[in-house]
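Visitor: one predicted model, sequence on top.
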Amino acid sequence: MQYCASHDIKFTRSRPYHKNDQAWIEQKNGSVVRRLVGYRRLKGQIAVDTFAQLYAFARLFVNFFQPSFKLKEKVRRSRRIVKHYDAPQTPCARLLSSNDISEQVKARLHDMTETLDPLLLLDPIRDRQR
């Protein structure tokens, strides 16, 4: 907490004494990590090394090639809550369209996008899963 305060980092999730905040953090575990490795408990250094290799490829695939919806607004209309979403975009595309990211970072992301191939990423992901 002190590190974040000294570096001007604002907390958006996981507040103290709010036990239901964990669900926000765990949602990516369910949609990404659990889908890749399942629910089994991994033990040993070999499993750790394999998972690290799997994650290195999977993070590129998820961040550059898997579009996701982002909640734009939530409006209560009588008893109902109506949610409006942005068009699906990859996390990389969201960063590239953001005004908060420097042009230098955008250039690096754009270069990475051009060098990556989703089909070439899937082979090592499936290999590590086995």
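Guide: Yep, it's here.

Visitor: what about S68, how many neighbours?
Guide: S68 is flanked by 15 other residues according to other Cβ atoms under 10 Å. Every residue, glycine included, has its C-beta placed from N, CA and C.

Visitor: report the separation between it and D117.
Guide: 20 Å (Cβ to Cβ, to the nearest Å).

Visitor: by mean pLDDT, point me to the weakest helix or strand of the chain.
Guide: None of the helices or strands of the chain scores lower by mean pLDDT, DSSP states H and E than helix 22-28, at a mean of 64.

Visitor: my guess is Y85 contacts K74. True?
Guide: No - if you go by Cβ atoms under 8 Å, Y85 and K74 don't touch, sitting 10.1 Å apart.

Visitor: if I pick L42, what's in contact with it?
Guide: Contact analysis of L42 by Cβ atoms under 8 Å, 6 or more residues apart in numbering lists V48, F51.

Visitor: sounds good, over and out.
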